[in-house]
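>>> pasting the sequence and the predicted model now:
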Amino acid sequence: MARDIVIKSAEDIEMSRRAAQLAAEVLAMIEPHVVPGVSTEALDRICHDHIVNVQGAIPANVGYQGYPKTILTSVNQVVCHGIPSPDKILKKGDIVNIDVAVIKDGWFGDTSRMYFVGTPSVLARRLVETTYEAMLAGIRAVKPGATLGDVGHAIQSVAQREHFSVVREYCGHGIGRVYHEDLQVLHYGRRGEGIKLEPGMVFTIEPMLNAGQRDVRQLPDGWTVVTKDRSLSAQWEHMVAVTPEGYDVLTTWPGGTGSYAPV
């Protein structure tokens, strides 16, 4: 097929699932710690120690293209790639995305989810819940013969229904023995366009929705991406395998995610 897309065997997918489940377990583990008054640096340290000492895995982000930390913590108007810092203290009403990736036996697991710090505003809650719904819509579009355009269109349709915008500069990606394999999963698109999905493909679906305009900018640290209009942003991420029957979510969160049922 066109491009260098890696098709995974059943055994490969099970190895991916092991790594994916460890990444998901980190997100469940850290939830009680996401409270007002905690620094994002403290959350990073807890996740690092858990991955290394409890899971016996490798924090995939440390040193990746020079990234200094274990997790990415994106608070409020930060779209993605927020760097944990002792100076960033979470406060009541914040929304935060925690993105984590681990390596286990040479395979990568990658997932992220949103957390409420205390009680969020009505807008923040609606943005977070809509972004989750959009991710699920994209996942449910996955099946053999469907296209990546079908996935993007499903996500975009949910976002536009609620008058939110879809960030276009960042996308989902193939994943396996390589962190970011060939296969770009856009979170917008047209039905029937793009690469056709085949059993054995494994990739992330990770839409970022903004409450305001879709435009973003990168801060001078070379990592942190924020909304240009300072509006709130939210993101959720799952790893998905294409199966002969449809899809298999590899990063299901233990016990679900608060009020959100697991896929």
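Now that the structure is in, tell me what you want to look at. Because the structure is predicted, anything quoted here is derived from the model rather than measured.
>>> mind listing the helices for the stretch 51-200 of the chain?
Using DSSP state H, counting those that start in this stretch, the helices of the stretch 51-200 of the chain run over 122-140, 148-161.
>>> deepest of the ones you listed, which one?
Of the helices of the stretch 51-200 of the chain, the one with the most neighbours on average (mean count of other CB atoms under 10 Å) is helix 148-161, at a mean of 22. C-beta: built from backbone N, CA, C; applies to glycine.
>>> coming back round to it: need the helices of the stretch 51-200 of the chain in CSV (columns: distance to residue 252 and mean pLDDT).
Formatted as CSV, the helices of the stretch 51-200 of the chain follow (distance: least, CB to CB, whole Å; pLDDT from 0 to 100):
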stretch, distance to residue 252, mean pLDDT
helix 122-140, 11, 96
helix 148-161, 18, 98
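>>> will you turn the ones you listed into CSV that also has distance to residue 110?
Output for those, formatted as CSV (distance: least, CB to CB, whole Å):
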stretch, distance to residue 110
helix 122-140, 14
helix 148-161, 17
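>>> and the gap between residue 49 and residue 59?
Applying CB to CB, to the nearest Å, the value for residue 49 to residue 59 is 10 Å.
>>> also residue 204?
In this view, residue 204 and residue 59 are 17 Å apart by CB to CB.
>>> that older thread, residue 240: which of the helices of the stretch 51-200 of the chain is closest?
Comparison of the helices of the stretch 51-200 of the chain against residue 240 by CB to CB identifies helix 122-140 as nearest, at 5.7 Å.
>>> between the closest one and helix 148-161, how many degrees?
Helix 122-140 and helix 148-161 are oriented at 160 degrees to each other (axes from the mean of the first three to the mean of the last three CA atoms, to 10 degrees).
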